[in-house]
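Visitor: Kindly generate the corresponding structure for this input.
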Amino acid sequence: MEIQNNVTEFIFLGLLMNTEMKIMSCMLFMICYFVIFLGNFIIFITITCSHLIHQPMYYFLCHLSLMDLAYTSTIIPRLIRDLAAKRKNISFNSCMTQLFTGHFLGGVEMLILVSMAFDRYVAICKPLHYLVIITRQRCNMLILLAWGVAFWHSLAQMLMVLKLPFCGSNQIDHYICDVKPLLKLVCADTYVASMLVIANSGMVALATFLVLLASYIVILYNLRKLSPEGRRKALSTCSSHVMVVILFFVPCIAIYVPPPNIHINDKEITMFYAVITPLLNPLIYTFRNTEMKNAMWKMWNQKRSSN
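Guide: So this is what the prediction gives:
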């Protein structure tokens, strides 16, 4: 059967607010994007230009910062533009590109967080075997695996949407192109597609979150074997990771696990992993990390002395 698709562009309904609130929100998102860009750029430069790049945890953190930069760049500039524009239109192809890119970068970020948890698990639970298990080659394999899995995940999401018929309204009740708001515009039965979204995004996010929680529970249990100083350092590092995992995964689960016919405040919840988590990540990984602060201070002093 030929797919009927009369839609060439979509129109975002966006964040519904008055003119004054739109201006304030536009300025706020611009500040948030600047802070996200600056904070993650500083983390990236600090790690790549210091000895920290040789440590697996910071190697993964460097990639996480890049993903935060790329992911927010697919959402926030567009959101700022739409807040200032009268007509919030996006072409069908651009919408599919944003859908693919958002799921791809988000998927890579999710799997990098898993890799960071694996690194901490080995460092605390199997310290004598750490250098044998966590090699640079294995770190590169984990990064490549994250890119590969995320690519196929996002490709499956996009191909599923491309096969659906859009022949009615083209108004997306959101500020980004995502699967669930797009399913509401399909002029056909979306039960199978909804179940695929729950299985492909929701249950995967939920299962990954539970595995991460279990790993951190095991890590906390094994902390009793460490010295008081080692326990304090490990707790500081793990607590930072747990904060980021909760901030990223819980909103994703809240969005993708419930069926599309259940009404949730998806626009507000999406803000958490699209804006708030990338905004807080640099603060969590710098202010709560002594090694990062020392490396940043050393780089700053070297720059001042060279001038």
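
Visitor: The residue nearest to the spatial centre of the chain - nearest residue in space that isn't next to it in sequence?
Guide: Centroid-nearest residue in the chain: G106, 4.2 Å away (criterion: CA atoms, centre = their mean). Nearest residue to G106 in three dimensions, chain neighbours excluded: Y71, at 6.1 Å (CB to CB, 6 or more residues apart in numbering). Every residue, glycine included, has its C-beta placed from N, CA and C.

Visitor: And the strands in the stretch 101-250 of the chain, which stretches?
Guide: Along the stretch 101-250 of the chain, the segments classed as strands by DSSP state E, counting those that start in this stretch run 171-172.

Visitor: correct me, but the residue nearest to the centre of the chain touches P278?
Guide: No - G106 is not in contact with P278 according to CB atoms under 8 Å; the separation is 10.7 Å.

Visitor: who are the neighbours in contact with the closest residue to T286 other than its chain neighbours?
Guide: With sequence-adjacent residues excluded and distances taken as CB to CB, 6+ apart, T286 is closest to M292, at 4.9 Å. Counting by CB atoms under 8 Å, 6 or more residues apart in numbering, M292 touches I43, T46, L52, Y58, Y285, T286.

Visitor: For the second one, pull up the helix or strand it's in.
Guide: Counting by DSSP states H and E, the element that carries T46 is helix 19-48.

Visitor: which secondary structure elements does that helix contact?
Guide: Secondary-structure packing of helix 19-48 (3 or more CB pairs under 8 Å, 6 or more residues apart in numbering; DSSP states H and E): helix 56-73, helix 76-84, helix 277-287, helix 290-306.

Visitor: now the angle between helix 277-287 and it, please.
Guide: When axes from the mean of the first three to the mean of the last three CA atoms, to 10 degrees is applied, the directions of helix 19-48 and helix 277-287 differ by 40 degrees.

Visitor: now helix 19-48, how far from the chain's geometric center?
Guide: Centroid separation for helix 19-48 versus its chain: 15 Å, with CA atoms, centre = their mean, to the nearest Å.

Visitor: what is the rounded mean pLDDT of it?
Guide: Averaged across helix 19-48, the pLDDT comes to 88.

Visitor: So which bits of that helix are buried?
Guide: Buried residues in helix 19-48, counted by 16 or more other CB atoms under 10 Å: 22, 25-26, 29, 32-33, 36-37, 39-40, 42-44, 46-47.

Visitor: likewise stretch 119-127?
Guide: Going by neighbour count (16+ other CB under 10 Å), the buried part of stretch 119-127 is D119, R120, Y121, V122, A123, I124, C125.

Visitor: that older thread, just the angle for the helix holding T46 relative to helix 56-73, thanks.
Guide: 150 degrees.

Visitor: Give me the distance from the longest helix along the chain to the chain's centre.
Guide: Taking DSSP state H as the criterion, the chain has its longest helix at helix 92-125. With CA atoms, centre = their mean as the basis, helix 92-125 stands 6 Å off its chain's centre.
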